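Chemist: Sequence plus the predicted model coming up.
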Amino acid sequence: MVPVLEAAIKQYFKNIYHSLYSITEGMAVTMSYMFRRPATIQYPNKLEKPLENQLSDRFRGILQVDINYCIGCRICENTCPIDCIAITIEKNKETKERFLTRFDIDISKCMYCGLCSENCSTSAIYHTKVFNGINRDIENLIIRFVDKPTALYKLPKGSDPMETPKDHYGAILVRKMKG
Amino acid sequence: MKDYADILFEYLFKTSIESSPFSLAWYILFIFLVAGVLLFFAANFAGITSFIERRIAARIQSRVGPNVVGPQGVLQWVADGIKLLLKEDLIPGRADRFLFRAAPYFVFSGLFAAFVALPFGYGIVAADLNIGIYYIFAITSLVVVGIIMGGWSSNSKWAMFGAFRSAAQIISYEIPTALSLIPVIMLTGSLSTQDIIIAQGGMPWDWYIFHSPFTLACFIIFFISALAEGNRIPFDLPEAESELVSGYNTEYSGFRFLVFPMAEWANLWVISAMVTLTYLGGWQIPFVSLETISGSPFLILISVGIFFVKTSIVVFIVIQLRWTLPRVRVDQMTLLCWTYLVPISLVAIVGTMVWMLVFPWDGTPGLLIRLLMSGIGAAACLFYIKRIRFNYLNDKLLFERLKGKPSWYPFWRLP
């Protein structure tokens, strides 16, 4: 037989064998995926554990202020690069006592840089793990932490300011957030 | 179906149908009833398969798939259908309005008419035509007319290209499809779908696929060319999403568009049922003779179940092939048809003729060869399962080290 023809015939049957074998192999690969765990995380319907437990402690979510610990130093307001924090402090003329009357944070402007919470000497302002701020109205994202004038906090002598309890689940924040 | 009509008439009205003056009216009513049942089955099968295909595709791609509408998303296909029904029915400005409107009817009737000759169980077939296979080939050719009409009348280059490709593909693949069924017809001596199944048996060595190496080759050829006729991947050139926007149905919207994918998924049943009934033994129950089946309604139901299970397995393989293989090029498509499928099926026809003379079906050598062939088939299945296990175990350790979770999550465990 002519060698060229023989080679062509060999190639013909080789092609059939290769195509059948490779299709079987490919189907074995796809079939093996039917027995593997899907990579999808079904947020928010089916989570293996609550999302707050999956996030790390250093997660920078929406800011929360515990006004009971605020000393009114205004460092957070001054250090904020985009001025999303607004603080008003009023003074009682007779008793010389200072009151916190306004502590608003515009969450829609906040860029989560963390400068305010780093500089807060009593850890009154800090990031929570809450990140879901879906709202119908952008005005609702201005969170007003002061309901009634509150006296400023005075740090007890000898105590460590870093020991202020932090609530990373944002109970105050969730209560204040409308909608 | 006429027997069933007679039995039902006698059961309902307690008189013999021959003596009744309403026999003609009853038969016409029964025809409409059967047509309605077939249409109901085909439409629901198309819808449910579209959902199941999406779930299978998702698991193959390590996703979850549609799981929002209804429990586990089982009503997704209803939602899709209602959405398409509510959409605006657009006809492009410079389209040929009459042909554009007529095309879905051709696609629809071409596919659903094929259900008439498809069997579902022992004696359960809308019309046991003595030219059943031929009828199915002839009537499904109407689909390509509809596709070309739709593509040409849309006045869009994408639809036009899709229609041209469809014409080239379906017309050239009709030839291997028909040729690869000739061994079956020769072995049976009949074109009727029921006769073909009756000539086979319940066990794998009684199926035509394992009759000889030639019928095995013909089975593979028939499977490939049926895929190509049904516009399934790897032969979905007429509606290649990444090349032509959506192929011949680019300009369609609303319910007119819905007809095309519905016909495509109904065609999935036609393909799989054809493969099952010609090569995989149809509804034959192992170890049960035909006389026993005909006497008992329970066994007839079992035969329906067996046919459904076999067809579903073929449907699954077709779906899995879709998510395994890439699309072939146009030149590869025609090359495959004319240099591999047609010559091999011609050789296989001659080979089967010789085989039938040398090793008769009932003789001892014939039986031994059939047993050997089914052994080869079982070995191929075992090899396939072994490769699945190998591929799974290959990635198992890595996955478990990475995620800290067991990797075993079989498809029957719904996420």
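Modeler: That came through, no problem. Numbers count the residues shown, from 1 in each chain, chains lettered A, B, ... in the order given.

Chemist: Would you map out the domains in chain A?
Modeler: Domain assignment of chain A by automatic domain parsing yields the ranges A:1-36, A:51-176.

Chemist: Format the ones you listed as a markdown table; extra columns: distance to B:Leu341, mean neighbour count and mean pLDDT.
Modeler: Backbone N, C-alpha and C define where each C-beta goes, glycine included. Below are the domains of chain A laid out as a markdown table (distance: least, C-beta to C-beta, whole Å; neighbours: other C-beta atoms under 10 Å in any protein chain shown; pLDDT from 0 to 100):
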| stretch | distance to B:Leu341 | mean neighbour count | mean pLDDT |
| --- | --- | --- | --- |
| domain A:1-36 | 11 | 13 | 89 |
| domain A:51-176 | 54 | 15 | 84 |
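
Chemist: residues from chain A in reach of chain B?
Modeler: Applying C-beta under 8 Å from any C-beta of the partner chain, one finds that chain A approaches chain B through A:15-16, A:20, A:23-40, A:42, A:46.

Chemist: what about 6 Å?
Modeler: A:24, A:26-40 (C-beta under 6 Å from any C-beta of the partner chain).

Chemist: from the residues you listed, which is closest to A:Lys91?
Modeler: A:Thr40 (56.7 Å; C-beta to C-beta).

Chemist: Tell me how many other residues crowd the closest one.
Modeler: A:Thr40 sits with 15 neighbouring residues when counted by other C-beta atoms under 10 Å in any protein chain shown.

Chemist: And it, how far from B:Phe164?
Modeler: Per C-beta to C-beta, to the nearest Å, A:Thr40 is found 39 Å from B:Phe164.

Chemist: Next: B:Leu382.
Modeler: 44 Å.

Chemist: Of the two, which one has the most company?
Modeler: B:Phe164 (17 against 10).

Chemist: Secondary structure class of that one, three-state.
Modeler: helix (DSSP: H, G, I helix; E, B strand; the rest coil).

Chemist: quick one: the helices in chain A?
Modeler: Using DSSP state H, the helices of chain A run over residues A:3-33, A:51-54, A:75-79, A:115-119, A:171-176.

Chemist: quick one: what helix or strand has B:Ile302 in it?
Modeler: helix B:297-322 (DSSP states H and E).

Chemist: in that helix, what's buried?
Modeler: Within helix B:297-322, the residues scored as buried using 16 or more other C-beta atoms under 10 Å in any protein chain shown are B:299-300, B:302-304, B:306-307, B:310-311, B:314-322.

Chemist: What residues of the next helix or strand after that helix count as buried?
Modeler: Proceeding N to C from helix B:297-322, the next assigned helix or strand is helix B:330-335, under DSSP H and E. For helix B:330-335, the neighbour count (16+ other C-beta under 10 Å) marks B:Met333 as buried.

Chemist: go on, stretch B:238-250?
Modeler: Quick answer for stretch B:238-250 (16+ other C-beta under 10 Å): B:238-240, B:244-250.

Chemist: what about chain B, any weak spots by pLDDT?
Modeler: B:1-2, B:17 (pLDDT under 70).

Chemist: The residue sitting nearest the centre point of it in helix, strand or coil?
Modeler: The residue lying closest to the centre of chain B (C-alpha atoms, centre = their mean) is B:Ile271, at 2.2 Å. Assigned by three-state DSSP, the conformation of B:Ile271 is helix.

Chemist: Against B:Leu29, how distant is it?
Modeler: 32 Å.

Chemist: A:Leu55 too?
Modeler: In terms of C-beta to C-beta, A:Leu55 sits 66 Å off from B:Leu29.

Chemist: go on, B:Arg329?
Modeler: 51 Å.

Chemist: cool, and B:Trp355?
Modeler: Distance from B:Trp355 to B:Leu29, by C-beta to C-beta: 48 Å.

Chemist: Which one's more surrounded, those two?
Modeler: Set B:Trp355 next to B:Leu29 and count neighbours by other C-beta under 10 Å: B:Trp355 wins out with 21 against 13.

Chemist: For B:Val315, give me its contacts.
Modeler: By C-beta atoms under 6 Å, 6 or more residues apart in numbering or on different chains, the contact set of B:Val315 is B:268, B:272.

Chemist: Please repeat the previous calculation with a cut-off of 10 Å.
Modeler: For B:Val315, the contact set (C-beta atoms under 10 Å, 6 or more residues apart in numbering or on different chains) comprises B:45, B:49, B:52-53, B:265, B:268-269, B:271-273, B:275-276.

Chemist: now B:Asn267
Modeler: Contacts for B:Asn267 (C-beta under 10 Å, 6+ apart) come out as B:42, B:46, B:107, B:110-112, B:114, B:140, B:143, B:226, B:229-232.

Chemist: repeat for B:Val78
Modeler: B:Val78 neighbours (C-beta under 10 Å, 6+ apart): B:47-48, B:51, B:69-70.

Chemist: which among those gets closest to A:Ile142?
Modeler: Proximity of the contacts of B:Val78 to A:Ile142 (C-beta to C-beta) peaks at B:Val69, which lies at 37.1 Å.

Chemist: pretty sure the closest one is in contact with B:Gly81, am I right?
Modeler: No: counting by C-beta atoms under 10 Å, B:Gly81 is not a contact partner of B:Val69; they are 11.4 Å apart.

Chemist: Common neighbours of these two, please.
Modeler: Joint contacts of B:Val69 and B:Gly81 (C-beta under 10 Å, 6+ apart) do not exist.

Chemist: domain ranges for chain B?
Modeler: Using automatic domain parsing, chain B is parsed into the domains B:87-357, B:359-415.

Chemist: What's the end-to-end length of the first one?
Modeler: In other words, domain B:87-357. End-to-end distance for domain B:87-357, by C-alpha to C-alpha, to the nearest Å: 61 Å.

Chemist: Please apply the same query to stretch B:80-92.
Modeler: End-to-end span of stretch B:80-92 (C-alpha to C-alpha): 23 Å.

Chemist: in that stretch, what counts as buried?
Modeler: Buried, per 16+ other C-beta under 10 Å, within stretch B:80-92: B:80-81, B:84, B:91-92.

Chemist: can you check stretch B:256-276 too?
Modeler: Buried-residue list, stretch B:256-276, by 16+ other C-beta under 10 Å: B:256-276.

Chemist: In this model B:Gly162 seems to touch B:Ala240, though I could be wrong.
Modeler: Yes: between B:Ala240 and B:Gly162 there is a contact under C-beta under 10 Å: 7.8 Å.

Chemist: what's the residue nearest the centre of chain A in contact with, if anything?
Modeler: The C-alpha lying nearest the average C-alpha coordinate of chain A belongs to A:Gly61 (C-alpha atoms, centre = their mean; 3.5 Å). Contacts for A:Gly61 were tallied using C-beta under 10 Å, 6+ apart; they are A:52, A:55, A:112, A:126-133, A:168-170, A:173.

Chemist: which ones among these are found in strands?
Modeler: Those of the contacts of A:Gly61 mapping onto strands are A:126-127, per DSSP state E.
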